[in-house]
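*Asks:* Sequence and predicted structure below; questions after.
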Amino acid sequence: MTANKAPVPGPGILDIAPYIGGDAKLEGIEKPIRLASNESALGPSPKAIAAYTALAREIHRYPDGSADEFRHALGEHYRLDPAQIVCGSGSDELISLLLRAYAGPDTEVLYSRHGFLMYPIGAQSVGATPVAAPERDFTADVDAILERVTDKTRIVFIANPNNPTGTYLSVGEMTRLHAGLPANVVLAIDAAYAEFVNRNDYEPGVKLVDKAENVVMLRTFSKIYALAGLRLGWGYFPPAIADVLNRVRGPFNVNAAALAAGVAALNDTESLEKARAHNDRWQPWMNERLAALGLDPTPSVGNFVLPRFAESGARTAAAAFAFLQSRGILTRKMAGYGLPNHIRITIGTAEENEKVAATLAEFMDS
Ligand SMILES: Cc1ncc(COP(=O)(O)O)c(C=O)c1O
């Protein structure tokens, strides 16, 4: 017996730098402009709100653990086999489940240098070693990723488009990445922002999943579908991987409100088109304003932009973040992503975007 010893967590756990979400509150300001978490500019579909509200009297019931109605609605909408769809409490949970099932101590998990932070955090939490491949022009570099594959690699995570850079891999590049991977390595394509992309060389990953046994596509209802608070994600998997995830997930991992609101949001194509049109208008508008201010934004195709500030002097990213904050605008610091000279700004309502652009112009002029 080893008495008087504190419990010790698994390998790697204490090396994790916890994920820090975007700020939601600002001292002294009742309703700050919240552009720190890539949430929807327009808010949820009225149909999703109605479905959520209608559920209130049923919350003593467990949710449908198989998410049957939601998976069938997705299957119909995207022409996919519902048996190959697995849902999660946000796509974050699906990232964790993949890691739990396929990675672990003495394995490696590959991602691109400025990829979504939950990939390295999730890898560490199962004792795996996260390996970052350098990017080219803030874009995942297929050759650099393939060069880092070893016999310990189990999963390659690519956010496409990537958060926080907003850049994307074309279907040709993604196919080349897959072709270079050993068959035992899972290629996880995280298409959280897929619905915002309006490029004709982009594909969210369905076609690769259909062709291969080691490709998965993750999606979320937190972004364009505006249900971040309910936590609803889903993925399209080869049958064998869907079977594995159904074994490791909790029996009621997605709550009833998320499932009800998700079906309603999916069926509300009018709200989806409004959100898409809004981003199509304001995202390029914002990038043009940032470029005119000399802030060299990345060519983002998501619902966010990534301007770059001076490394030193009065107009650093930290100073810009603080200046925006002083005007009630919350954005995201990027040092945790290895981008200390950038901040990430979510596309907001027309009024919010205009205020951001005017405030940044004032900052650059100050
Ligand atoms: C690339 C990417 N993947 C996954 C997620 C997680 O989303 P969810 O809310 O579905 O867990 C995010 C959220 O910001 C993201 O940016």
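*Replies:* Noted; the coordinates are in hand. Numbering: from 1, shown residues only.
*Asks:* Quick check: phi and psi at Leu293.
*Replies:* The phi/psi pair for Leu293 (degrees, to the nearest 10) reads phi -90, psi 0.
*Asks:* Just the element for the closest residue to it other than its chain neighbours, please.
*Replies:* Distance criterion C-beta to C-beta, 6 or more residues apart in numbering; nearest residue to Leu293, sequence neighbours excluded, is Met364 at 5.0 Å. Any C-beta I mention is one placed from the backbone N, CA and C, and that applies to glycine too. Using DSSP states H and E, Met364 falls within helix 350-365.
*Asks:* before we move on, the earlier item: near the residue nearest to Leu293, how many other residues are there?
*Replies:* Per other C-beta atoms under 10 Å, the neighbour tally for Met364 reads 17.
*Asks:* now Val171
*Replies:* Residues contacting Val171 under the criterion other C-beta under 10 Å number 18.
*Asks:* low-confidence ranges in the chain?
*Replies:* Across the chain, the ranges flagged by pLDDT under 70 are 1-3.
*Asks:* again, 80 this time
*Replies:* Applying pLDDT under 80 to the chain flags the ranges 1-4.
*Asks:* Write out the residues of it neighbouring the ligand.
*Replies:* With C-beta under 6 Å from any ligand atom as the criterion, the chain meets the ligand at residues 38, 90-92, 116, 159, 163, 190, 192, 220, 222, 228, 233.
*Asks:* Output these as a markdown table; include the columns neighbour count, distance to Arg276 and secondary structure.
*Replies:* Below are these laid out as a markdown table (neighbours: other C-beta atoms under 10 Å; distance: C-beta to C-beta, whole Å; DSSP: H, G, I helix; E, B strand; the rest coil):
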| residue | neighbour count | distance to Arg276 | secondary structure |
| --- | --- | --- | --- |
| Asn38 | 24 | 15 | coil |
| Gly90 | 22 | 21 | coil |
| Ser91 | 26 | 19 | helix |
| Asp92 | 20 | 24 | helix |
| Phe116 | 23 | 22 | coil |
| Ala159 | 29 | 19 | strand |
| Asn163 | 24 | 18 | coil |
| Asp190 | 30 | 19 | strand |
| Ala192 | 26 | 15 | coil |
| Thr220 | 25 | 15 | strand |
| Ser222 | 22 | 16 | coil |
| Ala228 | 17 | 17 | helix |
| Gly233 | 25 | 19 | strand |
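*Asks:* May I see these arranged in CSV, with distance to Tyr102 as well?
*Replies:* Output for the residues of the chain next to the ligand, formatted as CSV (distance: C-beta to C-beta, whole Å):
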residue, distance to Tyr102
Asn38, 27
Gly90, 19
Ser91, 16
Asp92, 16
Phe116, 17
Ala159, 18
Asn163, 22
Asp190, 15
Ala192, 20
Thr220, 20
Ser222, 24
Ala228, 26
Gly233, 17
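*Asks:* which SS class is the residue in the stretch 251-366 of the chain positioned nearest to the ligand?
*Replies:* Of all residues in the stretch 251-366 of the chain, Gly302 sits closest to the ligand, at 8.2 Å by C-beta to the nearest ligand atom. Secondary structure state of Gly302, per DSSP: H, G, I helix; E, B strand; the rest coil, is coil.
*Asks:* what number of residues lie near the closest residue in space to it that isn't next to it in sequence?
*Replies:* The shortest distance from Gly302 to any non-neighbouring residue, by C-beta to C-beta, 6+ apart, is to Tyr193 (4.1 Å). Residues contacting Tyr193 under the criterion other C-beta under 10 Å number 26.
*Asks:* Adjust the sequence numbering to begin at 23 for everything that follows.
*Replies:* In the new numbering, first residue 23, that becomes Tyr215.
*Asks:* Go through the lengthiest helix in the chain and flag the buried ones.
*Replies:* Secondary structure of the chain per DSSP state H: the longest helix is helix 291-314. Neighbour counts over helix 291-314 (16 or more other C-beta atoms under 10 Å) mark 293-294, 297-298, 300-301, 304-305, 307-309, 311-312 as buried.
*Asks:* Pull the contacting residues for the residue in the chain that the ligand sits nearest to.
*Replies:* Residue of the chain nearest the ligand, by C-beta to the nearest ligand atom: Gly112 (2.7 Å). The contact partners of Gly112, taken as C-beta atoms under 8 Å, 6 or more residues apart in numbering, are Thr242, Ser244, Arg253, Leu254, Gly255.
*Asks:* Quick one: residues contacting the second one.
*Replies:* If a contact means C-beta under 8 Å, 6+ apart, then Ser244 has Glu61, Gly112, Ser113, Ala214, Ala250, Arg253, Leu254, Gly255 as its contacts.
*Asks:* Also the fourth one?
*Replies:* Leu254 makes contact with Cys109, Ser111, Gly112, Thr242, Phe243, Ser244, Tyr247, Val276, Ala280, Leu281, Ala283, Gly284 under the criterion C-beta under 8 Å, 6+ apart.
*Asks:* Hmm, the fourth one is touching Phe218, no?
*Replies:* No - contact status for Thr242 versus Phe218: not in contact, 11.8 Å apart, counting by C-beta atoms under 8 Å.
*Asks:* got the CA coordinates for the one helix or strand Asp265 maps to in PDB?
*Replies:* Using DSSP H and E, Asp265 maps to helix 261-270. Extracted in PDB, the C-alpha atoms of helix 261-270 (Å, rounded to 0.1, in the frame of the first residue of the first chain):
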ATOM      1  CA  PRO A 261     -19.000   1.200 -41.300                       C
ATOM      2  CA  ALA A 262     -16.200  -0.300 -39.200                       C
ATOM      3  CA  ILE A 263     -15.200   3.000 -37.600                       C
ATOM      4  CA  ALA A 264     -18.900   3.900 -37.000                       C
ATOM      5  CA  ASP A 265     -19.200   0.500 -35.200                       C
ATOM      6  CA  VAL A 266     -16.100   1.300 -33.000                       C
ATOM      7  CA  LEU A 267     -17.400   4.700 -32.100                       C
ATOM      8  CA  ASN A 268     -20.800   3.300 -31.200                       C
ATOM      9  CA  ARG A 269     -19.000   1.000 -28.800                       C
ATOM     10  CA  VAL A 270     -17.000   3.700 -27.000                       C
END
